[in-house]
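> Pasting a predicted model and its sequence here:
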Amino acid sequence: MKEQPLILLVDDDPIILELMREILSSGSYGVDVARNGRVAVERLQACSYDLVLTDMVMPEMQGLELLQYIRLHHPETLTIVFTGHANYKDAVAAVKLGAFDYLTKPIRAEILRHAIDRALEFSRLTRSQQDLEMVLQGAESLGWQALELVDDTPEAAVLSGLREEVRQEQDLKAAGLLFLEAGRQLVGATHGSIFLFDSAQGLFTGLAALGANQEYRAGLSVPANSGIMGYLASHPRPLLVSDLREDTRFPMVPRREVYRSASLMLIPLMGRKFWGVINLTDREDNGSFTPRDLFLGWLLGRLLVEVLEARQAPQSAEQVTSPAAWVQQQVPIALALVDENLQVVQTNPALERLLDLPEKELTGGQLFPRLGLDSRQQQEMEEACRKALAGGEPREFYSLKAHPNGSGERFLGIKVVAMPGEKDGPARGLVLLEDMSEVEQLRQRLQLFEHLAVMGKLSLCVAHELNNPLDGVRRYLSLALIKKDEPQEVERYLNEAQKGLQRMAASIKSLMISANPLKAPRTKNNLLNLLQDAVKIMMFQASDQMVQVSLHPPRELQQVVMSGDLYHVFLNIIKNALQAMPQGGHLQISGRLHPEEVEITFEDSGAGISPQELEQIFQPFYSTKEGTKGLGLGLPICQKIVERNQGRLTVTSEPQQGTRVSIFLPLKVNNKGQ
């Protein structure tokens, strides 16, 4: 890894360049300079930078043009712009193009250093969160077996002991306190709370709390769309906040006086549904939580989900056949029970809040006129409901523009289904409604502000994938024209051109499948597809770092079908190799077939690993990465997944000689149960 961040200064004024270079060189930064945007592009093509500082007004290439280039070609590189002619329009344009900050000249040294430190810390946190996401996805594929990664440690003993203790505790609140006490032992959190999610009420309700004012905090109810817990409800992934004051995801969340530390962790409780959140804060040493703490918190959350799902009371037969109980208890969103005349028979509180009307005003009246749909949509809804009552298929409608009860504009998702009722009883229908206004607004904003970046990335990826086969198609068609009087030669060249077009079609299909970079392929797939998908996802980062990736697997890998979990293994190994070559290099990926097994190798030209480090790389929480950037669980998780596929993983390396990772898998694997 680089010893210090590398910054590129871009300005056409040599005096400003020299002054800023002097300010930054006195800190812990490496600094390069460029006199204009064109030179900056050449520098970026030759070297990988952590941050670019650029003037807005320059000859040959303006600052906004340079920002656009960086956004499309080096999306991992942060930018800060500065100008002596500040105006609101340029500031907005710069931020839309991805600028982290916008400064005005003359720039004071302390303000410049503060902006740079914030940008570099944001970049570090972003990379750390991406690494954590990748590691946790691999751990999720292991399930509770992930506990084996910390075998024979005090933490494993705490979790195993907790698992036995909560089985004997009947009171759920008391069990919640046991979990928070275990959190104190595992990660040193002196304050914590557990909130369960009530989707019908749209609230988080307190279950248990640890630390100051714990009884008060355990009795709180918090709106589901507010604060950091609201963020987690819509982004249900483990969240580590090193410093709430510096985290740009939560600029409006105040720091509470009861807490001594600005570092916190939130663990979503995800199982058959979203159960709630574990909050942990205030380490005993007043320090920041680490990726290792987040992994232990994730294990704690998995155990709590296991307890919650085991304790969920099963319904009796009477409850299942009772429409009232079914409506009130089993459907956690806004709904109305309607009769054959489409009159409202019963509602739930969520619908009453949506329409801002009490149940007594809704019961006995028509529902659909209350929704404020246009006449065509209202007629379509009523027809769909009548068909459902007559035994037809359920119908769903997404993001319909509505004005519920004459109120402001909203977007509703609506589903109509036939209601299970008593034998020979009257037909009844169930109308489910979800307020999708926020989702629709976010969708529109994403379309508006990210269209340029998405189209740029897509065009680059398509160009990369299609350029070579397109060149071949053009060359073969030219040869066919030259040999037009020789039918056999023309046929041969046209066949080759057709093969090129087929490769282009396959590339486009692969790009569409790989649209979500962290989504694993289906449960089982052939090794060649898994390997190619992992490589394609990392090509942007490789290009940004000037790393040349060579992929030469044998075609026979198409015949070897394995668990889709191996995608996480390939992704993690490629990511590690790229992180070992921040200033460029070469990564060669190849494979060989042996009589009874297949070997896949990843060889990088990075700095290598010392013999002492090599002995410890498979130990949980050991990382060769700089400082606390690495969680130290990537390779242990990879090893577990490979072993579960009856294979083995080896690493050989020497300092300054690169690293070789080899995966050996049997040609015939019993995939039962995977």
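Thanks, I have it.
> I'd like the distance between the most far-flung residue of the chain relative to its centre and Arg35.
Most distant from the centre of the chain: Asp485, at 57.3 Å, with distances by CA atoms, centre = their mean. Using CB to CB, to the nearest Å, one obtains 57 Å as the distance from Asp485 to Arg35. All C-beta spots, glycine's among them, are computed from the backbone N, C-alpha and C.
> quick one: contacts for the residue farthest from the centre of the chain?
For Asp485, no contacting residues are found, by CB atoms under 8 Å, 6 or more residues apart in numbering.
> same question, Glu654
Glu654 neighbours (CB under 8 Å, 6+ apart): 608-609.
> How about the backbone phi and psi for it?
phi -140, psi 150 (degrees, to the nearest 10).
> residue ranges of the helices in the stretch 151-300 of the chain, please?
With DSSP state H, counting those that start in this stretch as the criterion, the stretch 151-300 of the chain has helices at 154-168, 172-187, 214-218, 227-234, 291-311.
> Mind telling me which of those helices the model trusts least?
The weakest mean pLDDT among the helices of the stretch 151-300 of the chain belongs to helix 227-234, with a mean of 80.
> Please enumerate residues in contact with that one?
By CB under 8 Å, 6+ apart, helix 227-234 touches 195, 197, 204, 222-225, 239, 241, 249-250, 253, 264, 266, 268, 274, 277, 279.
> Of those residues, just the buried ones, ChimeraX syntax please.
A single ChimeraX command selects the buried members of those (16 or more other CB atoms under 10 Å):
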select :195,197,204,224,239,241,253,264,266,268,274,277,279
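> In strands only, show me the contacts of helix 227-234.
Judged by DSSP state E, the subset of those located in strands is 195, 197, 204, 222-223, 239, 241, 264, 266, 268, 274, 277, 279.
> These into a markdown table, with extra columns for pLDDT and distance to Gly176?
As requested, the ones in strands among the contacts of helix 227-234 are arranged in a markdown table below (pLDDT from 0 to 100; distance: CB to CB, whole Å):
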| residue | pLDDT | distance to Gly176 |
| --- | --- | --- |
| Phe195 | 94 | 10 |
| Phe197 | 90 | 14 |
| Phe204 | 90 | 14 |
| Val222 | 86 | 16 |
| Pro223 | 86 | 21 |
| Leu239 | 85 | 20 |
| Val241 | 83 | 22 |
| Leu264 | 89 | 18 |
| Leu266 | 91 | 16 |
| Pro268 | 91 | 16 |
| Phe274 | 87 | 17 |
| Val277 | 94 | 12 |
| Asn279 | 93 | 12 |
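> possible to save the residues you listed as JSON lines with distance to Pro358?
JSON lines is the format used below for those (distance: CB to CB, whole Å):
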{"residue": "Phe195", "distance to Pro358": "28"}
{"residue": "Phe197", "distance to Pro358": "25"}
{"residue": "Phe204", "distance to Pro358": "25"}
{"residue": "Val222", "distance to Pro358": "25"}
{"residue": "Pro223", "distance to Pro358": "21"}
{"residue": "Leu239", "distance to Pro358": "38"}
{"residue": "Val241", "distance to Pro358": "41"}
{"residue": "Leu264", "distance to Pro358": "40"}
{"residue": "Leu266", "distance to Pro358": "36"}
{"residue": "Pro268", "distance to Pro358": "34"}
{"residue": "Phe274", "distance to Pro358": "29"}
{"residue": "Val277", "distance to Pro358": "31"}
{"residue": "Asn279", "distance to Pro358": "35"}
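> Out of the residues you listed, which is nearest to Val39?
Val241 (38.7 Å; CB to CB).
> Isn't the closest one up against Leu280?
No. Using CB atoms under 8 Å as the test, Val241 is too far from Leu280 to be in contact (10.7 Å).
> Need the residues touching each of the two.
264-266, 289.
> Looking at those, which two lie furthest apart in space?
Counting by CB to CB, the most remote pair of these is Leu266 and Phe289, 10.5 Å apart.
> Identify the contacts common to those two.
Residues touching both Leu266 and Phe289 by CB under 8 Å, 6+ apart: 241, 280.
> quick one: which of the helices of the stretch 151-300 of the chain is nearest Asn529?
helix 291-311 (29.0 Å).
> so that closest one versus helix 154-168, what angle?
Counting by axes from the mean of the first three to the mean of the last three CA atoms, to 10 degrees, helix 291-311 lies at 20 degrees to helix 154-168.
> how about the closest residue to Gln378 other than its chain neighbours, what does it touch?
For Gln378, ignoring the flanking residues on the chain, the nearest one in space by CB to CB, 6 or more residues apart in numbering is Phe368 at 5.1 Å. Phe368 makes contact with 342, 378, 381-382, 385 under the criterion CB under 8 Å, 6+ apart.
> Mind giving me the PyMOL select for the residues you listed, buried ones only?
In PyMOL syntax, the buried subset of these is picked out as below (16+ other CB under 10 Å):
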select buried, resi 342+378+381+382+385
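> Narrow the contacts of Phe368 to those in helices?
378, 381-382, 385 (DSSP state H).
> Could you grab the helix/strand/coil label for the residue lying closest to Gln656 once chain neighbours are set aside?
Once flanking residues are discounted, Gln656 sits nearest to Gly608: 5.5 Å by CB to CB, 6+ apart. Here Gly608 is recorded as coil under DSSP: H, G, I helix; E, B strand; the rest coil.
> With Phe289 as the reference, measure out to Gly608.
From Gly608 to Phe289 the distance is 31 Å (CB to CB).
> Who has more neighbours out of those two?
The neighbour comparison of Gly608 against Phe289 (other CB atoms under 10 Å) goes to Phe289, with 23 against 18.
> OK, contacts around that one?
Taking CB under 8 Å, 6+ apart as the criterion, Phe289 is in contact with 187, 189, 240-242, 263-265, 280, 283.
> Adding distance to Phe295, write these out as CSV.
As requested, the contacts of Phe289 are exported to CSV (distance: CB to CB, whole Å):
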residue, distance to Phe295
Val187, 10
Ala189, 14
Leu240, 10
Val241, 16
Ser242, 15
Ser263, 16
Leu264, 16
Met265, 10
Leu280, 13
Arg283, 15
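> Looking at those residues, which one is closest to Thr659?
Out of the contacts of Phe289, the member with the shortest distance to Thr659 (by CB to CB) is Leu240, at 27.5 Å.
> and that closest one, what does it touch?
Contacts of Leu240 (CB under 8 Å, 6+ apart): 128-129, 132, 265, 289-291, 293-294.
> Over to Gly30?
Gly30 neighbours (CB under 8 Å, 6+ apart): 2, 4-7.
> Would you list the buried entries among these?
Here, 16+ other CB under 10 Å leaves 5-7 buried among those.
> Check those against Leu477 and report the nearest one.
Among these, Leu6 lies closest to Leu477 (CB to CB), at 45.5 Å.
> can you pull the contacts of the closest one?
By CB under 8 Å, 6+ apart, the residues touching Leu6 are 29-32, 47-51.
> Could you measure from the residue nearest to it when sequence neighbours are not counted over to Pro666?
Nearest residue to Leu6, sequence neighbours excluded (CB to CB, 6+ apart): Gly30, at 4.3 Å. The spacing between Gly30 and Pro666, counted by CB to CB, is 47 Å.
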